[in-house]
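Undergrad: Just need the structure, nothing else, for what follows:
(chains A and B)
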Amino acid sequence: MKAAVSPMLVRLADERATGVLIRERGALYLVDGQVVHAESPAAPGIDDLLVAGGRLPRAGWEEAIARAGARHMVGRFLVDSGRLADGELEICHLGALFDAAFFTLAPSSGPTRFRYGVSHWIGPVRPVSAAIVARESARRRALLAAIWPYPDIDSAPVVPRAPTAGRRIPGRQRRVLSLADGVRTPEAIARALGRPAFHTLIDVRRLAANGLVETPTVPTPPPALPAPLPPFGQYADPDISLLRRLRDALEESL
Amino acid sequence: MANTEAALKEAMTSIEGVLGVALVDYSSGMALGTIGGSKDLDLSIASAGNTDVVRAKVRTMEQLGLKDEIEDILITLGTQYHLIRLLKGRSNNGLFLYLALDKDRSNLAMARHQLKKVEGQLDV
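TA: Below you'll find the predicted structure:
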């Protein structure tokens, strides 16, 4: 399982390397072979989680960067200056770390590089073993597939569907749904809410499984020999509402 | 103002009959910290599984239209108690504490009281 994720990560953990592992969709920062931070363009950073999540004013975050960024002690500074409690920083940081690691360790064919000696400005918070990070990323992938096995939904704009009358939606999903406007992707919704991207993917897949947002249709490869087109006007429109009712009924009976 | 490890250790030592404690992120089902456990009690599996327990209860309450919050959930086995305490932190991350107790060595009322104290220390 470990080797399937990134053989290089396993090797770097074994040799207790310090530096940054850069893959197609993100980066993992290691100190002595342990993961101390992760970043991915697909995941809101710890600053997004703290500021958009309402825990820290933007100015407070910027001051921490200005005063402790160069020393690579931003995390410590946030706690020592009384802006965050120790536990709060840890939880938020771990949330951001595992979120970015999930995207960084996504299966990809792109190149993997490691730059020795590089460290991150957030500084020491709580290191996690590389094996745990790899295992958790794999568990998350399996969890998404178990909820609704359509990975294309993760990167597409979220399109809400007309709700079935009387259906109650859990609070966290309701807030995701309220930002689904056919333009925002799950990642954009995550940033707006100040929540980890993976958590938003879970909500979006659950919403899709319940028929509350559209599941993008995967373009099927064209057949080798396309059938000749019938004369214009002979196609009957597919009865979308009938298909939806059928699908809803099938889902109800699951 | 304890960090998570200190708070979990506190739970482990201050509560009688504890077999294991985990701090769990409710949305992902990931254990953010664990202490104790054994080969018979894998806390990361327990964390992920009990997330489904919490979600099922939250959903049922929504369906019933109950405008209330879950404080804790108690599951009584033949030889163990499993206690789930939902945290009401200001950052509202959706976390819960999961506690497994040996039924013969524990005092349920005390354990609930202590777990509440641990939540206070966690300050998340």
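Undergrad: Which residues of the stretch 51-200 of chain A lie near chain B?
TA: For the stretch 51-200 of chain A, the residues in contact with chain B (C-beta under 8 Å from any C-beta of the partner chain) are A:53-55, A:85-88, A:90-92, A:94-95, A:98, A:126, A:136, A:139-140, A:143, A:168-172, A:195-196, A:198-199. For glycine as for every other residue, the C-beta is placed from the backbone atoms N, C-alpha and C.
Undergrad: From those residues, list the buried ones, please.
TA: A:53, A:55, A:85-88, A:90-92, A:94-95, A:98, A:126, A:136, A:139-140, A:143, A:169-170, A:172, A:195-196, A:198-199 (16 or more other C-beta atoms under 10 Å in any protein chain shown).
Undergrad: Confirm for me that residue B:24 is in contact with residue B:31.
TA: Yes - applying C-beta atoms under 8 Å, one finds residue B:24 in contact with residue B:31, separated by 5.4 Å.
Undergrad: Overlap in contacts, these two.
TA: Counting by C-beta atoms under 8 Å, 6 or more residues apart in numbering or on different chains, the contacts common to residue B:24 and residue B:31 are residue B:47.
Undergrad: For these two, work out which one has more neighbours and name it.
TA: residue B:24 (27 against 23; other C-beta atoms under 10 Å in any protein chain shown).
Undergrad: Beta-bridge partners for the more buried one, please?
TA: residue B:31, residue B:96 (DSSP bridges).
Undergrad: so who does it touch?
TA: B:30, B:31, B:32, B:47, B:50, B:51, B:95, B:96, B:97, B:98.
Undergrad: How many residues are close by residue B:32?
TA: With other C-beta under 10 Å as criterion, residue B:32 counts 23.
Undergrad: helices and strands around the host helix or strand of residue A:75, which ones?
TA: Assigning secondary structure by DSSP states H and E places residue A:75 in helix A:74-80. The contact analysis (3 or more C-beta pairs under 8 Å, 6 or more residues apart in numbering or on different chains; DSSP states H and E) places helix A:74-80 against helix A:58-68, helix A:86-104.
Undergrad: and those as TSV, adding distance to residue A:152 and mean pLDDT?
TA: Rendered in TSV, the data for the helices and strands packed on helix A:74-80 read as follows (distance: least, C-beta to C-beta, whole Å; pLDDT from 0 to 100):
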stretch	distance to residue A:152	mean pLDDT
helix A:58-68	34	94
helix A:86-104	16	94
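Undergrad: looking at those, which is buried most?
TA: helix A:86-104 (a mean of 26; mean count of other C-beta atoms under 10 Å in any protein chain shown).
Undergrad: Where does the prediction get shaky in the chain?
TA: If you meant another chain, say so; for now it's chain A. Residues of chain A meeting the criterion pLDDT under 70: A:1-5, A:165-166, A:218-238, A:254.
Undergrad: To clarify, I was referring to chain B.
TA: For chain B (pLDDT under 70), the answer is B:1-2, B:89-93, B:123-124.
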